[in-house]
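1. fold the following.
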Amino acid sequence: MKLIIKLALFLSLVAGLSAGAMSYVFQLTHPIITQAQKEAETKQLNAIYKQSHFQSVSFDHKEYPLIENIYEAKKDEKREGYVYKISTPGYGGHIVYLVALDQSGRYLGYSPIDVTTETSGFGSRVGTKEMADRINKKQIGSGIDTLSGATISSKAVVKGIEQATAHYQKHYK
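-> Next up is the predicted model:
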């Protein structure tokens, strides 16, 4: 009986120390990771709208739950369009991406941020040029084709784009 108690206490001590160490490392790395993610997002925004200034726009998260953020793109104080940061549940987890809509009613750009939770070779294809080519430069409302073999993931992307389009048409058109 004493052996069982000693082993249980030892296991509890090891588990507690491990949890404490993981928490400490998380606290050290979280600000660095967050900053790197913001820089990567800014780089992607600038790739879509070159030499533009971006300002976050407030919106109703309850009405548009898939939209994480909306950026208004301005160049020389003239509005060029909007970029939506979207997070949709895919096959393996959340797919995070940017989609830009311009003033003329076109999808200007699709830029994946995180598709790492999707199945490699299938669902992860939503992060490729193949998916971007199905979206970029299309007229709003003309329909977006899904990828065969990645149906769940690409339908999730399309669902998020449809929600961004609905917001855009209701508030900015």
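2. for the helix or strand of the chain with the lowest mean pLDDT, packing partners?
-> Counting by mean pLDDT, DSSP states H and E, the chain has its least confident helix or strand at helix 129-135, which shows a mean of 71. With contacts taken as 3 or more CB pairs under 8 Å, 6 or more residues apart in numbering; DSSP states H and E, helix 129-135 sits against strand 107-114, helix 151-171. C-beta coordinates here come from the backbone N, C-alpha and C atoms, glycine included.
3. spatially central residue for this structure, please.
-> Residue closest to the mean C-alpha point of the chain, counted by CA atoms, centre = their mean, is Val96 at 1.9 Å.
4. remind me, longest helix of the protein?
-> As assigned by DSSP state H, the longest helix anywhere in the chain is helix 2-48.
5. how far out from the middle of the chain is stretch 57-73?
-> On the basis of CA atoms, centre = their mean, to the nearest Å, stretch 57-73 is displaced by 12 Å from the centre of the chain it belongs to.
6. report how many residues lie close to Ile48.
-> Other residues lying near Ile48 total 22 when counted by other CB atoms under 10 Å.
7. swap in Gly93?
-> 14.
8. now swap in the one 4 residues further on and tell me
-> Around Tyr97 sit 24 other residues, with neighbours defined as other CB under 10 Å.
9. cool, and Val57?
-> Val57 has 15 nearby residues by other CB under 10 Å.
10. helix, strand, or coil at the closest residue in space to it that isn't next to it in sequence?
-> In space, and not counting its chain neighbours, Val57 is closest to Ile70: 4.3 Å by CB to CB, 6 or more residues apart in numbering. Under DSSP: H, G, I helix; E, B strand; the rest coil, the three-state class of Ile70 is strand.
11. quick one: contacts for Ile70?
-> By CB atoms under 8 Å, 6 or more residues apart in numbering, the contact set of Ile70 is Ser56, Val57, Phe59, Tyr82, Val83, Tyr84, Lys85, His167.
12. ok, of these, which one's closest to Val157?
-> When the contacts of Ile70 are ranked by distance to Val157 (CB to CB), Tyr84 comes first, at 11.9 Å.
13. what does the lengthiest strand in the chain contact?
-> Ranked by number of residues, the top strand in the chain under DSSP state E is strand 78-89. For strand 78-89, contacts defined as CB under 8 Å, 6+ apart pick out 41, 45, 48-49, 52, 54, 57, 66-74, 94-103, 108-109, 113, 156-157, 159-161, 163-164, 167-168, 172.
14. okay, now the domains of the protein?
-> Per automatic domain parsing, the domain ranges recorded for the chain read 1-48, 51-171.
15. now the shortest one: mean pLDDT?
-> If you average the pLDDT over domain 1-48, you get 93.
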